[in-house]
Every structure is written in structure tokens, then in C-alpha cells.
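>>> dropping the sequence and predicted coords here.
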Amino acid sequence: MSVFRDDFLWGGAVAANQLEGAWNLDGKGDSVPDHCTNGSHTNPKEITIDFHDDKLYPSHEAIDFYHHYEEDIKLFSEMGFKVFRTSINWTRIYPTGEEETPNEAGLKFYEDLFSCCKKYNIEPLVTLSHYELPYALVRKYNGWAGRELIELFEKYCHTVFERYKDLVKYWLTFNEINAGTMPFGAVLSTGTIQGYEGPVTQVPDDPQSRYQALHHQFVASARVVKYAHENYPNFKMGNMICFITSYPMTCNPADVLLNQKQMRVMNWYCSDVMVRGEYPAYAQSIWDEKNVKLDIQPGDLETIKAGTVDFYTFSYYMSNAISADPNAAKTEGNIGAGNKNPYLESSDWGWQIDPQGLRYTLNEIYDRYQIPLMVVENGLGAYDEIEADGSINDDYRIDYLRKHIQEMALAVADGVNLLGYTPWGCIDLVSASTGEMAKRYGFIFVEKYDDGTGSLARRKKKSFEWYKKVIESNGESL
Ligand code: BG6
């Protein structure tokens, strides 16, 4: 018998800015990712203030989900999805974030999309902010460093809550909110990049604005969670963390202590605030070390206390080792790097593959918070090839997912309350870190390539049939 609950939410996850395209259609405004060019593992993408004809901006067309969503949702339903995690492009609803009234065409698009999910008995799980801040708010306020964004975000959330109250029950406030604790988060999440253009890896780091921005995001999240609880009692409100588990490289206490610090900054800082409703005791030491002086307004801490989340969600791709030895070999990661773990292999993008780490992580999180968990991103970014007969034999992806699901099952057997699993990029889409199409995660291949060409046709990969059986058997047939 399956260890997963009978109503386990199997599905897949995407983000609006990475697949919709239609970046300026039907009244949509430009978001931060619309200003990002394509890059690769070795050549970082750039952000430009204006648009240049000689540069390629992959989000502008992406995989054109905007015009293909019916076909795509049908394919998800064929795999048996119970849940589909997507996000709303804030700029489709409020193009600059500051309009008085919402853009009806944008509202209509998501109404049709969520209704389509419902038609196939797929529950939408909606991220309110997934790496797509209106660029106008970067220009005017330096992104979330501006306190004004709290109210603008509330206005946007109230609009979509009311419009989709009968279609959407599960909401996440900020995708990978802890990105703001890392320098790369300035581009992805906090939008504290006013006036900057150039490679996204070279944004001058400003911890003061990143941490202030994060504080504003905590307040904004708590306010909308509280509002949802008061006005829409059927809603379930979650947080979302990019969880990069790290291990001390050795049992040298210096490594252990350094890793404890890394785990706090990277993984615990944000969820301690969002789940427990207060800044943890160690927060002050993080601010002091980075010379951050937070502006906390009267009422903010009470707001944070009153708007704690109902369930905890996270992405899990990899783990790191942490060493106090400055000469220890380094490795890469999605929002933060670490040291090389000699026991693990890495993806072609240098992300260390660690299925057992998922079991460990689920247990650590559940021990700390005791609220239901959901793994809302996991997967292998890989180069896929179409064979002469048209098939795509992504056994490496099946292998990765199988091992992670096995460890998830063990964590459930350990006692973790796990609600669901939505592997990342269930259909190929633009990579968030590099802007590539070549880094593919999907069960469905999309004929779209890094030079902007491609018919946009969809093809099932081998993993498509495999995942269908996984869902059918509630995780038994792997
Ligand atoms: C997560 C993000 O960090 O990882 C997604 O929430 C992102 O937006 C995913 O796409 C995978 O990262 P990448 O860089 O391979 O696209």
C-alpha cells in the first residue's frame, strides 16, 4: 500500500514569466525578467534598462503558454495531474503595479486558465509573486526596498483573491523568498537593481536594501495572509523557500558552526519569520555582520505575528557542503554556492544531486515547524535530444525523480505530513538562472531553442508515461 495519503497532490510546477510569453499583449506591462537577455551556464544573462533589437529576451515568447495553455493542461491531465502550480504575472493585472483599476484582459486570462484546470479536475496552486516584479517599480522605488510596494502588492492580491475565490484555494505568497538573503536575489526577487544594467552576476551587492526589501516582503506576505484568513476562510496560504540543505564538510567543529550559520541565513531565516511569526534570536547577528540597520515600523512585528502561513512549501534540487577551509573546492547552485561534496554527483550545471538529502530536509523542516509540507519544485535540468524516430529518452530524468520520490516516501514513513509534489518545469520552459531553453526539466518537450527559433510543437518525453504511472499508482510504481 502507498505511504502517500489518498488525496496526495501529484502534479507539476511552472512560473508565468518563464513560459507564458505574450510579454506585452493585452495590456501586460514589462516585468524584471522581460528585461533579461538569454545566457548560458558559462555566459551569464544580462539585464538591460531599455530593450535592444540586437538582443534576445527569452521571456518575450517563452513557450507561448499564453496561447497554448489548453493543449498543455490537457497533456497534464493525461498524466493524471491533481494539482498544477503556476503563478500570476503581476504586470498582466497591474501593468506598472500602480494603476487604480486592474487590467480586465489579464484577469480574464487567468480566469480562463484556472477554469480550464478545473475542467480537468486539476487544482491550481498559485504563486502570487514568482520572480516577475513590475519593472516600473524597480525604476521608481528600487523594487521592494520601497515600502510603497507593500500596499501595491496588497491591492494586487485583493484583486486576484476576489476574482478567483471560487477557482483557487491554495496560494503561495513569494516564490523562494529566501533568494533575498543572497546577492543573486536582488535580480530575481527583491528587484533592488534600480539603474543597473549588465550581467546579472555582477550586480553590486547591497545587503542593506536586500534585507530591507525582505522585511517589506514579510510584512506584505503577512498582511495578505491575514486578509485571506479573515475574508476567504477556505483559502490555504503557504510560504515558499528555496531549500539548499548543507552539511558540514567534516566533523571539525569549525565546519559544523559555519554550516549552522549557513543553514540559518539560507534556509531558516525567512521561514522562521513566516511560520513562527517573529524574527529569530539569531537575526540580529546576521544584520550586524552585514551592517544592516532595518527600518521596522510600528505595527510591523504585530502584522508578522498575525499573518503566519498554513503550510510550508519549498523547492529542492540539490545540497551543498560547507567548509571553513578557504581552499576547499567550490560548487554551484541555484541561488547560492557552497563546497563540493565528494559523495555526490552533479548535473551538467554543477548542481549536486542528493536524493537522500530530500528525506533529511523534509524531516528537519517538519521537526522545526510541525505544519503540513509540500515539495513544490524538484527536478533535473538537462540537455535533451530528439532521436531519429522522434522519441526523447530522458532516462537520466526518470532516475533523478525516482530516487527523490523514494526518499520522499521514506520521509512520510518517518512521520512527515506531506501534502503533495509538483516537480519543476513539467513542460520545458526558460531557465530562471541562465535564461536558456537548453536546460530542460519537462515531461513534455517544447520545440523552442536558444536562438529563439522553433515551431513550439509539444512532444511527450519518455518520462511522460513514467510519471503517469507514478501518479496512477500513488507513488508505488517507480
Ligand atoms: C527555482 C525557481 O530556483 O529553480 C524557478 O523557483 C527556477 O523559477 C528553478 O526555474 C530552476 O532553476 P533554473 O535556473 O534551472 O531555471
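Yes, it's here.

>>> what's across from S346 in the sheet?
The partner list for S346 in beta bridges (DSSP bridges) reads Q352.

>>> give me every residue that touches it.
Counting by Cβ atoms under 8 Å, 6 or more residues apart in numbering, S346 makes contact with T331, Q352, I353. Bear in mind the C-beta positions are built from the backbone N, C-alpha and C, glycine included.

>>> quick one: least confident of the residues you listed?
Note: of the contacts of S346, the lowest pLDDT belongs to T331, at 88.

>>> got the phi and psi for it?
Main-chain torsions, T331, degrees, to the nearest 10: phi -140, psi 170.

>>> rewinding a little: of the contacts of S346, buried ones?
The neighbour-count test (16 or more other Cβ atoms under 10 Å) marks T331, Q352, I353 as buried among these.

>>> right, and the second one touches M318 too?
Yes - with contacts counted by Cβ atoms under 8 Å, Q352 reaches M318, the gap being 4.9 Å.

>>> so what sits against both of the two?
Applying Cβ under 8 Å, 6+ apart, one finds that Q352 and M318 are jointly contacted by G333.

>>> buried set for the longest helix anywhere in the chain?
In the chain, assigned by DSSP state H, the helix with the most residues is helix 207-231. Buried positions in helix 207-231, judged by neighbour count with 16+ other Cβ under 10 Å: 207-229.

>>> counting contacts, what elements does it pack onto?
If contacts are counted by 3 or more Cβ pairs under 8 Å, 6 or more residues apart in numbering; DSSP states H and E, helix 207-231 sits against helix 148-164, strand 170-174, strand 236-242, helix 269-276, helix 300-306.

>>> which residues sit in contact with E472?
Contacts of E472 by Cβ under 8 Å, 6+ apart are G80.

>>> so what's the one residue in the chain that gets nearest to the ligand up against?
The chain approaches the ligand most closely through S433 (3.1 Å), counting by Cβ to the nearest ligand atom. Residues near S433 by Cβ under 8 Å, 6+ apart: F184, N334.

>>> around the ligand, pick out the residues from the stretch 201-350 of the chain.
C242, S315, N334 (Cβ under 6 Å from any ligand atom).

>>> now those residues in a markdown table, with pLDDT?
Below are these laid out as a markdown table (pLDDT from 0 to 100):
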| residue | pLDDT |
| --- | --- |
| C242 | 98 |
| S315 | 98 |
| N334 | 79 |
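
>>> nearest to S40, of the helices and strands packed on helix 207-231?
Ranking those by proximity to S40 (Cβ to Cβ) places strand 236-242 first, at 21.3 Å.

>>> so what strands line up beside whichever helix or strand comes after the closest one?
Following strand 236-242 in sequence order, the next helix or strand is strand 245-248 (DSSP states H and E). Strand partners for strand 245-248, identified by DSSP bridges, are recorded as strand 319-322 (parallel).

>>> low-confidence regions, the stretch 101-250 of the chain specifically.
Filtered on pLDDT under 70, the stretch 101-250 of the chain yields no residues whatsoever.

>>> dump the residue contacts of M266.
N178, T181, M182, I244, S246, G336.

>>> just checking, the second one touches L214?
Yes - because the distance of 7.0 Å satisfies Cβ under 8 Å, T181 is recorded as touching L214.

>>> which residues are common contacts for these two?
C270.

>>> tell me the backbone dihedrals of the residue nearest the centre of the chain, please.
Most central in the chain under Cα atoms, centre = their mean is N175, positioned 4.4 Å from the mean C-alpha point. Here is the backbone geometry of N175 (degrees, to the nearest 10): phi -60, psi 130.

>>> dump the residue contacts of it.
A15, S87, T127, S129, H130, Y131, S189, M240.

>>> from those residues, which land in strands?
Secondary structure defined by DSSP state E assigns S87, T127, S129, M240 of these to strands.

>>> any of the residues you listed buried? List them.
Buried members of the ones in strands among the contacts of N175, scored by 16+ other Cβ under 10 Å, are S87, T127, S129, M240.

>>> and which of those is nearest to V203?
S129 (19.4 Å).

>>> K45 against P199, yeah?
Yes - using Cβ under 8 Å, K45 is in contact with P199, at 7.4 Å.

>>> now do the shared contacts for these two.
Contact criterion Cβ under 8 Å, 6+ apart; residues shared by K45 and P199: G39.

>>> and I386, what does it touch?
I386 is in contact with I392, F445, R459, counting by Cβ under 8 Å, 6+ apart.

>>> repeat that for 7 Å
I392 (Cβ atoms under 7 Å, 6 or more residues apart in numbering).

>>> how much space between it and R139?
Between I386 and R139 the computed distance is 42 Å (Cβ to Cβ, to the nearest Å).

>>> from D310, how far off is the residue of the chain closest to the ligand?
Distance, S433 to D310, using Cβ to Cβ: 29 Å.

>>> what of Y282?
25 Å.

>>> K82 now?
Taking Cβ to Cβ, one finds K82 at 19 Å from D310.

>>> now swap in C270 and tell me
16 Å.

>>> and M249, by the same measure?
M249 sits 36 Å away from D310, going by Cβ to Cβ.

>>> show me which of the two is the more surrounded one.
Counted by other Cβ atoms under 10 Å, M249 and D310 do not tie: M249 has more neighbours, with 24 against 17.

>>> isn't that one up against S323?
Yes - counting by Cβ atoms under 7 Å, M249 does reach S323; the two are 3.7 Å apart.

>>> anything in contact with each of these two?
Joint contacts of M249 and S323 (Cβ under 7 Å, 6+ apart) are D255, N339.

>>> burial check on V416, number of neighbours?
Neighbours of V416 (other Cβ under 10 Å): 20.

>>> for P372, same thing?
Using other Cβ under 10 Å, P372 has 17 other residues around it.

>>> for it, what are phi and psi?
Residue torsions, per degrees, to the nearest 10, at P372 are phi -60, psi 150.

>>> for the remainder of this discussion, apply numbering that starts at 51.
All right, first residue 51 from here; so that's P422.

>>> next up, the contacts around it.
By Cβ under 7 Å, 6+ apart, the residues touching P422 are F361, N467, L469.

>>> for the stretch 401-528 of the chain, just list every one of the strands.
In the stretch 401-528 of the chain, the strands defined using DSSP state E, counting those that start in this stretch lie at 402-403, 423-427, 468-471, 494-496, 508-510.
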